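Participant: attaching a predicted model along with its sequence, questions to come.
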Amino acid sequence: MKELLKSKHINGWRLFFLISIPISIDIFMQMLNSDMSSGEEAANMISYSVRYAIPFIFIVAAASSVQVLFPSPFSKWWLRNRKYLGMCFANAMAWQGMFIFILSTFQRDYYFEEVYFLRDELEGTVGYIFLFGMIVTSFNYGRKHVTPMQWKLVQKGGLYFLWSYAFSVYWWNLYYYPTHEPFSVPRVLDYIFYWAGFLSMVLRIAAWGKQRAQRSKKKSPMANPPLLFKAIGSSLIVTGLLASFTADYWYTAVNGFLTGPSWSAELVLWLPFWPLEPFLSLLIIGIGTWLYTKVLPQVEVVKTA
Ligand code: HEM
């Protein structure tokens, strides 16, 4: 296994081509079988191509955490190839970008009647700007034009933004559209992508918690998180997990509360993801993990003679 994972055929650019060529051929064939002069079919191609991208943003998001939580030759391979797996995401997104261009340029009526919504447009455009920045700064040429801090901001910010976009699409499909217009029944794919996105972020939170606990242990070996913090932390983690699959019960009340103030209702119109309903369960799990691993500073007792 260890030797297999080192094979040059499944590492680096070869891995990228191994994955992206068949994907591109399939999207191209699908396009040939579609009537691209129809707005509906062009929109279908947008969905078709982006579905090839989504798994990769989740795979990339989980790469470093899997290495922290379950180190193995496979997790090492995964982390080592993160950049190329990210490029597979970018390849499918480029196809989506092309279909968006076709739809918004040649089927403008359909686009503005059926697709255009200011906030979605802003979210999508910011997503593509991040994607462009991530690709450019993945190469030495782009990297040398930014400081390490800017590089981190583009790569991490982009990863979180694009993950948020993808994850939230499937959250809405599971918990909002079954009961709100234009009404749709969730597909198996919606469940798969929602839970895959959720798992990738839970792994990130768990890895962050593990590293935080290890750092505190190193700094003050005798200190342990207070029992009260551990109890509240674990209750919050359980609450967040419960919230992740019960949103149909709490969505209306929580949304009413969060968008109650007029400034908040105003933000919903243009601020991406506001008021963050899809992410609340993960936010609660994150705060729970923070409390669970919180160590109070040790008070040094200075003996005086
Ligand atoms: C301005 C940019 C964008 C526009 C105009 C746009 C437009 C669209 C359209 C028209 C659909 C099909 C909706 C339907 O058939 O009901 C769609 C689906 C989707 N888009 Fe975008 N999009 C943009 C950017 C993005 C970005 C950056 C992402 C990030 C990952 C993304 C992720 C998705 C997902 C996950 C779907 C659903 C696919 C499915 O059916 O499972 N989009 N988009």
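Facilitator: Thanks, I have the structure now.

Participant: could you list the residues of the stretch 51-200 of the chain in contact with the ligand?
Facilitator: Contact residues (C-beta under 6 Å from any ligand atom) of the stretch 51-200 of the chain with the ligand: 51, 54, 100, 115, 121, 124-125, 127-128, 162, 165-166, 169. For the C-beta atoms, the positions are set from N, CA and C on the backbone; glycine is no exception.

Participant: got the end-to-end distance for stretch 137-147?
Facilitator: Chord length of stretch 137-147, first to last residue, is 10 Å (C-alpha to C-alpha, to the nearest Å).

Participant: so which bits of it are buried?
Facilitator: For stretch 137-147, a neighbour-count test (16 or more other C-beta atoms under 10 Å) marks Thr137, Ser138, Val146 as buried.

Participant: so how far is Pro73 from Arg108?
Facilitator: Distance of Arg108 to Pro73, computed by C-beta to C-beta, to the nearest Å: 52 Å.

Participant: again with Tyr116
Facilitator: 48 Å.

Participant: which of the residues of the stretch 51-200 of the chain next to the ligand has the weakest pLDDT?
Facilitator: Lowest pLDDT of those: Val115, 86.

Participant: who's in contact with that residue?
Facilitator: For Val115, the contact set (C-beta atoms under 8 Å, 6 or more residues apart in numbering) comprises Ala43, Leu103, Ser104.

Participant: okay, now the last one: neighbour count?
Facilitator: Residues lying near Ser104 (other C-beta atoms under 10 Å) number 16.

Participant: show me what contacts the closest residue to it other than its chain neighbours?
Facilitator: Of all residues not flanking Ser104 in the chain, Tyr111 sits nearest, at 4.8 Å (C-beta to C-beta, 6 or more residues apart in numbering). The neighbours of Tyr111, taking C-beta under 8 Å, 6+ apart as the test, are Gly39, Leu103, Ser104.

Participant: can you tell me the closest non-neighbouring residue to the first one?
Facilitator: Okay, so that is Gly39. In this structure, Gly39 finds its nearest non-sequential neighbour in Tyr110, 2.6 Å apart by C-beta to C-beta, 6+ apart.

Participant: packing partners of the helix or strand hosting that neighbour?
Facilitator: Secondary structure from DSSP states H and E places Tyr110 in helix 108-110. Contacts defined by 3 or more C-beta pairs under 8 Å, 6 or more residues apart in numbering; DSSP states H and E place helix 108-110 against helix 39-69.

Participant: could you point out the helix or strand that follows the helix it packs on?
Facilitator: Next helix or strand after helix 39-69 toward the C-terminus (DSSP H and E): helix 73-80.

Participant: next, the angle helix 39-69 makes with that following helix.
Facilitator: Helix 73-80 runs at 120 degrees relative to helix 39-69, counting by axes from the mean of the first three to the mean of the last three C-alpha atoms, to 10 degrees.

Participant: before we move on, the earlier item: tell me the mean pLDDT for the helix holding Tyr110?
Facilitator: Taken as a whole, helix 108-110 carries a mean pLDDT of 92.
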